[in-house]
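In: following is a predicted model, sequence given first.
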Amino acid sequence: MIKNIKRVGIIFLIVAIICLMAMGCLSVNIVTSNSSNVSVLSSEKSDSTISNNISINGGLICENTSREENDNGGGLCVSTDSILKIRGGIFYKNVSQSLSADGAGIALSGSNITADITNVLIAKNINVGGLTGSNSIGAGVSISGDIVANISNARIEYNSATLAGGGIAVWQGVLNLSNSFITNNTAFAGAGIYILNKANCDVKVNSTIITNNISSHGSGVWLSNDSCLTIGDGTQIFDNTNIDEEMDNIEIVRGKIIIDETLINTKIGIHQTTISAYTIGYSAHNGNTDPNNYFFSDLSGEIVHLNSAGELEQAKTIASSKYDYIYLEHNVRKSYKENGLIHGNNDFDKKQTYNGGKLILGKVSANTSVNDFVANINFGGAVISLLNAKGEIVYGKDADSKFTDKLNNASEYAVGTGWKLKVYTTAGDLIDEISISVLGDLTGDGKVNSADINYLRQVANNGIESLSAEQRLSSLIVNKGNLPA
């Protein structure tokens, strides 16, 4: 049954859009078992509740308001034993005001529901139930029950939920989302997609962009209560921020990301909080491919890494206020801090393109002792080993005791170009291998002297190609794109 509707003739979609811009809203070519060519205009209690089969082929449902307790679906509510097919349409400026109501735009609530929704715009719907509502979720779309929902080619944008799920909320049920765009939604949690498994929840996202959503927690996706999110290729979840303007793409409170195919065009930020390994199936489908091809950390000082079991974890890496990561671009030395780069967040392409895949730490002065170097890096939560140019472990994990008396003596033993810093988890998994570049030091002894000048002369004869990336960076004393004469 459809409540509070007015019957209209067949009206072209362009006319509906003009009406939307000018004054009111109407819906075109909504077909149920009992009626056809009906519209839902502005009303104080839309509750277009369907307990049957419904097919919507284009048109608008807009500016409807549901106010009663547990009155789901400001625009459209589909309940138990129903089949919904939407082939084009706009759900716009619908409102759900009850403290315990879901789905301001579209609410799928009950059991034995199948919904196929494609080519839709779901925009500017508002769920204002409040933070105290027991449900009150899903401003764009809410899914709660024994439901299979397939959504494709959808734009879900500028929706707002006071509690959770600005774009989509999945309380329980199955959601297959593909080729869609979810952006500029807001909520307290899960502004893009909110996933909370009360009973059984299965969400798969494929070839979909989720970006520029804002909430207090899990601005792109909130994943909690042992729920699962399957990521397909082409999915990109980035540039979602919390109210403090910090990156907050996927927040995993308690749940898993399932990977069941090879990833290629994938870009996903992780703001993981309380668990260790958070994927299932990464190596099974992507081997030992560096996960930073596809995933990045939202948190400064952390990176995504592949653990010994072949799954992904967040891990602490080093940070320093004195030193900085550097790279060689068009024969000019550049630093991360000066160019807005953060290791583990947005530096992967630069590292691959300009440093030949190496991560290089620079701004290290000549005549720096080992202890002074270590004192100026923060590796809290990680384990390090510092290796000299010969590969001998000078400091940290598995260090050779023969270097113990030299760690404070820079004149005898200084950190040099070509040294390496290896960073491990406490479980022993290698997180990072960082090369060191000391300005002016080409020979690797940590000093600038005649040996380096002679080395440069030899390079001038043999060609700069003989230098490693670390040596090239250390040789650019003037830093104007050429080796010193």
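Out: Received, thanks. What you see is a predicted model, and the numbers here were worked out from it, not measured in a lab.
In: just give me the neighbour total for Thr80.
Out: When neighbours are defined as other C-beta atoms under 10 Å, Thr80 has 13 of them. Heads up, the C-betas are built off the backbone N, CA and C, glycines and all.
In: contacting residues around it?
Out: Taking C-beta atoms under 8 Å, 6 or more residues apart in numbering, we find Thr80 in contact with 51, 110-113, 145.
In: local confidence estimate at it?
Out: Turning to Thr80, the model gives it a pLDDT of 85.
In: any idea how far Gly74 is from it?
Out: Computed as C-beta to C-beta, to the nearest Å, the Thr80 to Gly74 distance reads 19 Å.
In: Asp405 now?
Out: Per C-beta to C-beta, Asp405 is found 75 Å from Gly74.
In: more crowded one of those two?
Out: Between Asp405 and Gly74, counting by other C-beta under 10 Å, Gly74 is the more crowded of the two (37 against 10).
In: can you tell me the closest non-neighbouring residue to that one?
Out: Distances taken as C-beta to C-beta, 6 or more residues apart in numbering put Asn94 closest to Gly74, at 3.7 Å, once the chain neighbours are dropped.
In: who's in contact with the helix or strand harbouring His305?
Out: Element membership for His305 (DSSP states H and E) is strand 302-306. The list of residues contacting strand 302-306 from outside it, by C-beta under 8 Å, 6+ apart, reads 270, 282-283, 288, 290-292, 295-297, 312-317, 343-344, 425, 429, 431-432.
In: please pick the buried ones from those.
Out: When burial is judged by neighbour count using 16 or more other C-beta atoms under 10 Å, the buried members of those are 270, 282-283, 291-292, 295-297, 312-317, 343-344, 425, 429, 431-432.
In: the residue nearest to Gly74 contacts Leu60, doesn't it?
Out: No - taking C-beta atoms under 8 Å as the contact criterion, Asn94 and Leu60 are not neighbours in contact, 10.3 Å apart.
In: out of the buried ones among the contacts of strand 302-306, list just those in strands.
Out: Secondary-structure check on the buried ones among the contacts of strand 302-306 using DSSP state E: residues within strands are 270, 295-297, 312-316, 431-432.
In: using TSV, lay out the residues you listed together with distance to Ser66.
Out: Formatted as TSV, the entries for those read as follows, by distance: C-beta to C-beta, whole Å:
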residue	distance to Ser66
Ile270	36
Phe295	39
Phe296	40
Ser297	40
Leu312	41
Glu313	43
Gln314	41
Ala315	46
Lys316	47
Ile431	50
Asp432	52
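In: show me the helices in the stretch 251-400 of the chain, by range?
Out: In the stretch 251-400 of the chain, the segments counted as helices under DSSP state H, counting those that start in this stretch are 282-286, 348-354, 370-375.
In: for the longest one, what is the distance to the chain centroid?
Out: If I follow you right, that is helix 348-354. Between the mean C-alpha location of helix 348-354 and the chain-wide mean there is a distance of 19 Å, by C-alpha atoms, centre = their mean, to the nearest Å.
In: now stretch 308-326
Out: A distance of 17 Å separates the C-alpha centroid of stretch 308-326 from that of its chain, computed with C-alpha atoms, centre = their mean.
In: distance of the residue nearest to the spatial centre of the chain relative to Ala101?
Out: With the centre of the chain defined as its mean C-alpha position, the nearest residue by C-alpha atoms, centre = their mean is Gly269, 2.5 Å away. As for Gly269, its distance to Ala101 is 31 Å (criterion: C-beta to C-beta).
In: what of Gly173?
Out: 17 Å.
In: and for Ala277?
Out: When C-beta to C-beta is the yardstick, Ala277 and Ala101 sit 37 Å from each other.
In: more neighbours: which of these two?
Out: Counted by other C-beta under 10 Å, Ala277 and Ala101 do not tie: Ala101 has more neighbours, with 30 against 16.
In: could you dump the helices of the stretch 251-400 of the chain into TSV with mean pLDDT and distance to Glu261 added?
Out: Converted to TSV, the helices of the stretch 251-400 of the chain look like this (pLDDT from 0 to 100; distance: least, C-beta to C-beta, whole Å):
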stretch	mean pLDDT	distance to Glu261
helix 282-286	96	6
helix 348-354	89	21
helix 370-375	96	43
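In: would you format the ones you listed as TSV with distance to Asn388 included?
Out: Formatted as TSV, the entries for these read as follows, by distance: least, C-beta to C-beta, whole Å:
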stretch	distance to Asn388
helix 282-286	33
helix 348-354	23
helix 370-375	9
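In: between these, which one is nearest to Lys85?
Out: Proximity to Lys85, assessed across those by C-beta to C-beta, is greatest for helix 282-286 (32.5 Å).
In: what's the closest one packed up against?
Out: Contacts of helix 282-286 with other secondary structure elements, assessed using 3 or more C-beta pairs under 8 Å, 6 or more residues apart in numbering; DSSP states H and E, are made with strand 255-259.
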